[in-house]
Every structure is written in structure tokens, then in C-alpha cells.
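K.L.:
Just a sequence and a predicted model for now, questions to come.
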Amino acid sequence: MDMKIKIKGKHIGRDCPVFVIAELSANHNQVFNTAVRTIKAAKNSGADAVKLQTYTPDTMTIDADNKEFLVNHPVWGGQSLYQLYKKAYTPWKWFKRLKKVADDLGIILFSTAFDKSSVDFLEELDVPVHKIASFELVDLPLIEYAARTRKPLILSTGMAAIKEIEEALAAARRGGAKDIILLKCVSSYPANPKEMNLRTIPDMERRFHCPVGLSDHTLGAGTAVAAVSLGAVMIEKHFILSRTINAPDGFFSIEPGELKGLVKDIRTAENSLGKVRYGLTREEKESVVFRRSLFVVKDIKDGEFLTEDNVRSIRPARGLKPKYLKRVIGKKARKDIPRGTPLTWDAIKR
């Protein structure tokens, strides 16, 4: 099974460069120029794509303040879901202009769709890929609807049991999706690294036969880089110009310098993975001389016995291999051998 997909000319999968997404989310603070500057900063920081979120308060929930709709969170608490989404949503009238900004910069722009109307809206913009958030993974009709676009589909799997992921994949495939990426995710903000369980990534790849990435809500870059070493082919991080901006998602987002460092570390990690290989590398050939070998460490006269006192295993590797030490001890020299001479077979009487 081909485990590679393509998004706007970029191949994603094993042995391909990791696809890095800067999640803009609510970090524009509903200021258009901030959104533009954030997209430019994502491009300059080395991200492959920038992602938006397509919803309104009314497509997400209803305007109600009974206890079922109140937010319980140390940062977002003290308001209803409707009030939170009203502060956080991206105005839909921005999208066409933001996509042009991204297209002109040469960075891919796409968005998370939260209902059928947002899928339709994003199709009008001709985004190259659709994303379904972890909280919507149980909305199987939405997944099937997005899959009918026949575009690549990214499914975040925060909170999801195996059965729920299987059901989401089945819905996507019923809809006609051929190219699906699963994102390992922990849906807490910020996420605790101890709860990330990144070893699930290769298991997801084997179990569900899909490329797997990471939607990372932990603070810092360490978790994302570790995920790459375990096979993650896509990394998504929330991104903000500065955490001093009082934006809803700013407290767990990374800044431009941090994103640039993350991209650099990801590229180093993916280059370091290589393949299963033993023996000298090309660059190690210059270092092999600094291995140990057998040297004469005291002057030895012709006919004198070789002992552990006058022959030792030392650096560099100009003499016999150290594994021959026991074989040469007790043998006689067939000529004078000055101190500092690499020991060779022609200097020993057999």
C-alpha cells in the first residue's frame, strides 16, 4: 500500500521531508493585518503550510449560558462556548485575501472545517486539503461529506479510542477519500508531555495503514522532534507572532524564532534517521586511524620475548589489531624493534 500522499506538489510520507504546519487558529486576535503578518512569519520561519479554522459561533454551538455550555478551563473559563468562539473565530470575509497572501508567498494555506457549510466555503476557495479536528472526529457525517471532495483529508485523533478512529476512517473511505493522514494528538491545552505517548505513532501507522503525524499542543519543541524520530510525517504547532498578544490560543503557541528552530531541528532529526547500516561511513574513514592497535612501547632486541610490558594496545591504528595481543605475547622478535613502532607479523618469529 502506498503510504505517501501529495499536497500541492509536496510529497508527504516516510522518506519525504516532514510537512510542518503553522496553526494560526485564533492568534490573529481578529485583526486582519495580524493574520497577514503571521502568515508571512510562518513562511519566513520555514513552515510548509499555514492553517486556519473555519467556523462561526453559530456553526459551533448555540448561544446559551446554562452549565452545559460554560467553559471550565484555567485560561478560557468564565464564559460560555458561544462567547469563546465569538472571540476566536476567523472572519470568513478574510479567507480569500489571506489565501492570496499565502499563494503569493508560496506557502500552502488550508483550514479545518467544522461543519458542512465550512467545507463548501473552503471548496469555493479551492484549498488543496481538508482537516477535521479531534473534537469533530466523532461527527461521521461531516467526515464523509469532506471526503466527497476527493481531496486529501487530515484527521486529528485526540481523545479517540481505536474503534472511533476505525469508524472515522470508514466514513472517510465511504466518502471517497483515498489520501488520509492521521494526527496523533492529545486534546488538552497545553498538553503534558507525559501524556503524549508518542510510541503510539508507529502503532497507528501499522494498525490503520495511513501516514501518521502529530498535532502538538505541548510547550516547546522537544515533543515534536521526538515524534519525527518515531515516524511522524507531519507536525502541526499553534503559531503566534508573540505570546504578549492576548489571543485565546497564545499561551500554548510558539513564536517565529521558536518555529524556525523547530523546523531546523526537524530537518536535522529526519536527516539523522537514515537507514539500518553497519560499518564505516564515508566520513568515518578518516577517523578509523584513531582506533587502537598493537605498538612496541619499549625497545625490543632481536630474539627478545614480547611481553605485556613492551607491547600494548594503544592509539593509533597502525599495527596489528588488539585481538592478536594474546597470540603475540611470548613470541620472540626477529629483529630490533624501537619503541613507538607499530607491531607487524614480519617483526615476530613464528
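P.N.:
All right, it came through fine.
K.L.:
going forward, measure contacts between C-alpha atoms and count neighbours the same way
P.N.:
OK.
K.L.:
Pro316 and Lys326, how far apart?
P.N.:
19 Å (C-alpha to C-alpha, to the nearest Å).
K.L.:
Tell me which of those two has more neighbours.
P.N.:
Pro316 (16 against 11; other C-alpha atoms under 10 Å).
K.L.:
correct me, but the more buried one touches Gly340?
P.N.:
No: assessed by C-alpha atoms under 8 Å, Pro316 is found out of contact with Gly340, at 10.7 Å.
K.L.:
contacting residues for Arg37?
P.N.:
The neighbourhood of Arg37, defined by C-alpha atoms under 8 Å, 6 or more residues apart in numbering, consists of Leu241.
K.L.:
Assign it to helix, strand or coil.
P.N.:
helix (DSSP: H, G, I helix; E, B strand; the rest coil).
K.L.:
now it: how far from Ile240?
P.N.:
In terms of C-alpha to C-alpha, Arg37 sits 10 Å off from Ile240.
K.L.:
same check, this time on Ala147
P.N.:
Applying C-alpha to C-alpha to Ala147 and Ile240 gives a distance of 30 Å.
K.L.:
ok, these two, which is more surrounded?
P.N.:
Ile240 (32 against 25).
K.L.:
Next up, the contacts around that one.
P.N.:
Leu24, Asn27, His28, Thr38, Gly250, Ser253, Ile254, Glu255, Pro256.
K.L.:
Which of those residues fall within helices?
P.N.:
Among the contacts of Ile240, the residues falling in helices (DSSP state H) are Thr38, Pro256.
K.L.:
ok, so of the contacts of Ile240, who is nearest Cys185?
P.N.:
Comparing the contacts of Ile240 against Cys185 with C-alpha to C-alpha places Ser253 closest, at 15.2 Å.
K.L.:
Based on its surroundings, how many neighbours for the closest one?
P.N.:
Ser253 has 28 neighbouring residues, counting by other C-alpha under 10 Å.
K.L.:
same check, this time on the one 5 residues further on
P.N.:
As a burial measure, the neighbour count of Glu258 was computed by other C-alpha under 10 Å and equals 15.
K.L.:
what about it, distance to Ala191?
P.N.:
Distance from Glu258 to Ala191, by C-alpha to C-alpha: 17 Å.
K.L.:
repeat for Phe305
P.N.:
The value you get for Phe305 to Ala191, if C-alpha to C-alpha is used, is 69 Å.
K.L.:
Looks to me like Met3 is in a strand.
P.N.:
No: applying three-state DSSP, one finds Met3 to be coil, outside a strand.
K.L.:
Which parts of the protein are helices?
P.N.:
Ranges of helices in the chain, per DSSP H, are 32-44, 57-60, 81-88, 95-105, 116-124, 140-147, 162-175, 200-208, 222-229, 256-273, 325-328.
K.L.:
most tightly surrounded among those helices?
P.N.:
Per-stretch averages of neighbours, counted by mean count of other C-alpha atoms under 10 Å, single out helix 140-147 among these, with a mean of 23.
K.L.:
Columns distance to Arg282 and pLDDT on top of the contacts of Ile240, output as a markdown table?
P.N.:
Listed next are the contacts of Ile240 as a markdown table, based on distance: C-alpha to C-alpha, whole Å; pLDDT from 0 to 100:
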| residue | distance to Arg282 | pLDDT |
| --- | --- | --- |
| Leu24 | 43 | 97 |
| Asn27 | 47 | 97 |
| His28 | 48 | 97 |
| Thr38 | 42 | 98 |
| Gly250 | 45 | 96 |
| Ser253 | 41 | 98 |
| Ile254 | 38 | 98 |
| Glu255 | 38 | 98 |
| Pro256 | 36 | 98 |
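K.L.:
between the contacts of Ile240, which is closest to Thr244?
P.N.:
Set against Thr244, the nearest of the contacts of Ile240 by C-alpha to C-alpha is Gly250 (7.9 Å).
K.L.:
what's the burial count for that closest one?
P.N.:
By other C-alpha under 10 Å, neighbour count at Gly250 equals 23.
K.L.:
I figured it was touching Asn27, is that so?
P.N.:
Yes: the pair Gly250 and Asn27 passes the contact test of C-alpha under 8 Å, sitting 6.2 Å apart.
K.L.:
shared neighbours of those two, which are they?
P.N.:
When C-alpha under 8 Å, 6+ apart defines a contact, the residues bordering Gly250 and Asn27 alike are Phe239, Ile240.
K.L.:
Can you give me the distance of the residue lying farthest from the centre of the chain to Val71?
P.N.:
Farthest-out residue of the chain from its mean C-alpha position, per C-alpha atoms, centre = their mean: Gly303, at 64.8 Å. To Val71, Gly303 is 91 Å away according to C-alpha to C-alpha.
K.L.:
repeat for Leu230
P.N.:
Distance of Leu230 to Val71, given as C-alpha to C-alpha: 35 Å.
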